[in-house]
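> give me a 3D structure for the following:
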Amino acid sequence: MPGYIEDRWYKKGPDGKRNVPTERHGQGKRYKVAGIPGVRARSFPDKQKSAAERWLATAQAENDKGEFVDPRDGNMLLRDYIDKHWWPGRTGDPATLETVSRRVRNQIIPYLGSQPLRQIKVATLRVWLKDLEGVIAPGTAVTVWQYLNNILDCAVDDERIRKNPCRAKTIKAPVKPPTQARAWTRECVSAVQAALPPHYQILVDLGVGAGLRQGEVLGLADGDIDFAAEVIHVRRQIRCVSGKLAFSLPKGRKTRTVPMSPSLAVRIREHLGSHPAKAVTLPWTDPRPAQTKREATERAPQTHRLLVTNRNGSAVRANVWNQHHWKPALAAVSLIPEPTKVKRKTGPRYRLVYPAAHELGFHCLRHTFASVLLDSRENPVAVSKWLGHADAAITLRVYGHFLPEADGRGRQAMEAWFTSVPNSLSISPDTPQELVSVPGGSVGAGSASVFPLSSTSGTAG
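Residues are numbered from 1 along each chain as shown. Below is the predicted model:
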């Protein structure tokens, strides 16, 4: 079996005994374990020969099974592993990567970054989770936990640690608290819309009348509106990457077509009559400088005539718009408190700070769109397609509570089933198969104009 222990302090003398001091006698560690293919040599101090023997036996056995993990590789600090090994291998959407980087550097590295990988134990994670409770929301904690879990999974795959402590049975991973999407009444939608500047009011119509996400509304061009076919083509969104705006495909990299009600078409025409679309040029997908010819081609700027722009004709930044227009509109109709004045260190003496309004964001208009359609018994598969969900299961999970109560219809259906079968019918082995098969049926799904909103779309949840 390969592998041996070398005594670097003594060598064999004429009598064959290892009792002749070497030139290294008394210097450094005495015992060196070496000779195992693919395993770095390891040294042990004087009087630790038994420890060297145990390590040799373990390393040989685990190496033969392909399971050897050198504990010295786990001495790397978590922050160094993230910077040198985990982060360089991350690929994907640049905006998503920015979010990942921000979460890792704000919620993981400050707490665990100075710990060696092999010293991150279950007890360490329990303390870390406790520390996070008062810092971030439960939903964010779930995401951060997933990032750390992936980092430590990669460390296991890179043979730096034997197992991932995130997967221990005794630790309770964060759980996102249950929430329900909330729709707005027609009166609420109208009030918020009226509190916005006139050239921004069409954003509300598009959000509630077509279910578009905020970035998709901001990226909508006049060429995406097909008045003849009464549809809206959702082909792009505007997003911010590294502080700069860019066009990109909608969420999930999927374009879609949404039906447009006649009333919504009228409002779009009126908006374009008062506020003509303006050409805006932005990079595609990633505004950062291209490093290769392929990136230069993929990121080549595109120009689209946007329905909504700033007064200077540039694209609207969602975060700026939310702060300076959406939240003031919410405060104007008393959905959130008035802002507080915070003294500035430089520039104007004060700035207005509005309270957080995560549950009252632009997305509420999309929730309302879904609620109107589902309340009208529109086919959930069609609603899912118009919302741009991957499948109808997502739509039902998020918006299932908007469906009308079905217990009465269910009772009527079962009553009809029972009363349609003669009471004298008995099922036996000789009963013809066509008498015991369950008859099929279909439930018709009506369609409804989604604009203007019907009075049935109240606050859900």
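
> report the mean confidence score over stretch 56-68.
Averaging pLDDT along stretch 56-68 gives 75.

> now do the buried residues in it.
In terms of neighbour count (16 or more other Cβ atoms under 10 Å), stretch 56-68 has its buried residues at 56, 59, 60, 62, 63, 68. Where you see a C-beta, it was placed from the backbone N, CA and C, and this is true even at glycine.

> and residue 210, what does it touch?
232, 258, 260, 264, 369, 386, 450 (Cβ atoms under 8 Å, 6 or more residues apart in numbering).

> among the residues you listed, which ones are in strands?
Residues of the contacts of residue 210 located in strands (DSSP state E): 232, 258.

> returning to what we had before: between the buried residues of stretch 56-68, which is closest to residue 420?
Taking Cβ to Cβ as the measure, residue 420 lies nearest residue 62 of these, at 69.2 Å.

> check the gap between that closest one and residue 31 for me.
Relative to residue 31, residue 62 is positioned 20 Å away (Cβ to Cβ, to the nearest Å).

> before we move on, the earlier item: pull the most distant pair out of the contacts of residue 210.
Going by Cβ to Cβ, the pair spanning those furthest: 264 and 386, at 12.9 Å.

> can you count the residues close to residue 419?
Residues lying near residue 419 (other Cβ atoms under 10 Å) number 9.

> check residue 307 too.
24.

> same question, residue 256
Residue 256: 19 surrounding residues under other Cβ under 10 Å.

> for it, give me its contacts.
Counting by Cβ under 8 Å, 6+ apart, residue 256 has contacts 233, 234, 250, 385, 386, 388.

> just the strands from the stretch 1-150 of the chain, written as ranges.
4-7, 10-12, 18-21, 31-34, 42-44 (DSSP state E, counting those that start in this stretch).

> tell me the buried residues in stretch 25-37?
Those would be 30, 31, 32, 33, 36, for stretch 25-37 by 16+ other Cβ under 10 Å.

> nearest to residue 279, of those?
residue 36 (67.7 Å).

> got the phi and psi for the residue lying closest to that closest one once chain neighbours are set aside?
Using Cβ to Cβ, 6 or more residues apart in numbering and skipping the chain neighbours, the partner closest in space to residue 36 is residue 3 (4.3 Å). Main-chain torsions, residue 3, degrees, to the nearest 10: phi 110, psi 140.

> so residue 3 touches residue 32, yeah?
No: assessed by Cβ atoms under 8 Å, residue 3 is found out of contact with residue 32, at 11.2 Å.

> what's the weakest-modelled helix or strand in the protein?
When each helix and strand of the chain is scored by mean pLDDT, DSSP states H and E, helix 433-436 comes last, with a mean of 48.

> helices of the stretch 101-250 of the chain, start to end?
109-112, 122-133, 138-157, 186-194, 201-210, 214-218 (DSSP state H, counting those that start in this stretch).

> which one of these lies closest to residue 343?
Nearest to residue 343, of all these, is helix 109-112, at 27.7 Å by Cβ to Cβ.
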